[in-house]
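Engineer: next come a sequence and a model predicted from it.
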Amino acid sequence: MALKKGFLYQLSLLLVPPLYRLLTGLLFATCRMEKHGYEHYRNCIHSGKPFIIAFWHYGLFYIISRSEGIEYVAMVSPSKDGEYISRTLNFMGVQTVRGSKKGGGIAALKSLMRSMKEGKIAALVADGSRGPARKAQPGSILLASRTGAPIICGGWGASRYQAFKSWDRTALPMPFAKIGMWYSEPLYVPKKLDSEGLEKYRLILENRLNEQYHKAWAEFGVDEH
């Protein structure tokens, strides 16, 4: 039985990435997307310097679909569920490092720093793999402080969506939805932050992410998805 479960798990790891790419490609092709504050993201791209894009966990389905063809490196949980996300991102050309606040987080941040030195853009789920939802963890601030790279906060909302009964209420836009993608101004973090400074900028990051979140959903008359 254990052998069968192991085989099915390995088989699913092979099948999920191409299926995800196919199905979400078809789904999102029916949607209409508008960008707000995109000039902040575009200016960072055109600068030729690495930066960090941070977002909340609820938006993973759509954010992953937007990552193809961009030189990202993303931190992904070392869990079994995280393996699906990592394999899917790799399939779409995104490099991943594995780590979370419960294990391997520091080593993963060091790997992110090395990849950023090579010119890659770091992508981090700011509330982590287990939450609490829309409460920023310090990883993005630590990375920004160590590298000097700015943080762009992103968030999206949709006119039609399905929210799942997970800790973060993971959301999926429905066919023919209008999607609003919002980007913040860059957040620059001083180097060599002490614990007080780390908490100060963690709260600033959290507020900026929630500002993009509320703007994105308010466009469709929703306070919280």
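Structural biologist: Received it, and whenever you're ready, just let me know what you need.

Engineer: following the lengthiest helix in the chain, which helix or strand comes up?
Structural biologist: Using DSSP state H to assign secondary structure, the helix with the most residues in the chain is helix 2-29. For helix 2-29, the following helix or strand on the C-terminal side (DSSP states H and E) is strand 32-36.

Engineer: flag every buried residue along that next one.
Structural biologist: Going by neighbour count (16 or more other C-beta atoms under 10 Å), the buried part of strand 32-36 is His36. C-beta here means a position set from N, CA and C on the backbone, and glycine is covered the same way.

Engineer: pull up the pairing partners for it, direction included.
Structural biologist: strand 178-183 (parallel) (DSSP bridges).

Engineer: next, the buried residues of the following helix or strand past the strand it pairs with.
Structural biologist: From strand 178-183 onward toward the C-terminus, using DSSP H and E, the following helix or strand is helix 195-218. Residues of helix 195-218 classed as buried: 201-202, 204-206, 208-210, 212-217 (neighbour count, 16+ other C-beta under 10 Å).

Engineer: which residues touch Val125?
Structural biologist: Contact analysis of Val125 by C-beta atoms under 8 Å, 6 or more residues apart in numbering lists Ala54, Phe55, Trp56, His57, Leu60, Met75.

Engineer: please redo it, this time with the cut-off set to 10 Å
Structural biologist: Applying C-beta atoms under 10 Å, 6 or more residues apart in numbering to Val125 gives the contacts 54-60, 63, 74-77, 85, 100, 137, 139-140, 168.

Engineer: for it, give its distance to Tyr161.
Structural biologist: Using C-beta to C-beta, to the nearest Å, we find Val125 at a distance of 19 Å from Tyr161.

Engineer: same question, Trp182
Structural biologist: Plainly put, Trp182 is 15 Å away from Tyr161 if you go by C-beta to C-beta.

Engineer: likewise for Ala171?
Structural biologist: 5 Å.

Engineer: and what of Val97?
Structural biologist: From Val97 to Tyr161 the distance is 30 Å (C-beta to C-beta).

Engineer: Gln137 reaches Gly128, doesn't it?
Structural biologist: Yes - judged on C-beta atoms under 10 Å, Gln137 makes contact with Gly128 at a distance of 4.9 Å.

Engineer: any shared contact partners between these two?
Structural biologist: Ser100, Lys101, Gly105.

Engineer: what about the chain, any weak spots by pLDDT?
Structural biologist: The model of the chain has pLDDT under 70 over residues 1-5, 102-103.

Engineer: how about 80 then?
Structural biologist: 1-5, 68-69, 100-105 (pLDDT under 80).

Engineer: CA atoms only for whichever strand in it runs longest, dumped as PDB, please.
Structural biologist: Longest strand of the chain, by residue count under DSSP state E: strand 151-158. As requested, the backbone C-alpha atoms of strand 151-158 are provided in PDB (Å, rounded to 0.1, in the frame of the first residue of the first chain):
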ATOM      1  CA  ILE A 151      10.100  45.400  -2.500                       C
ATOM      2  CA  ILE A 152       7.100  45.700  -4.800                       C
ATOM      3  CA  CYS A 153       3.800  44.600  -3.200                       C
ATOM      4  CA  GLY A 154       1.300  43.000  -5.500                       C
ATOM      5  CA  GLY A 155      -2.400  42.000  -5.100                       C
ATOM      6  CA  TRP A 156      -5.300  41.100  -7.300                       C
ATOM      7  CA  GLY A 157      -9.100  41.000  -7.200                       C
ATOM      8  CA  ALA A 158     -11.700  39.600  -9.600                       C
END
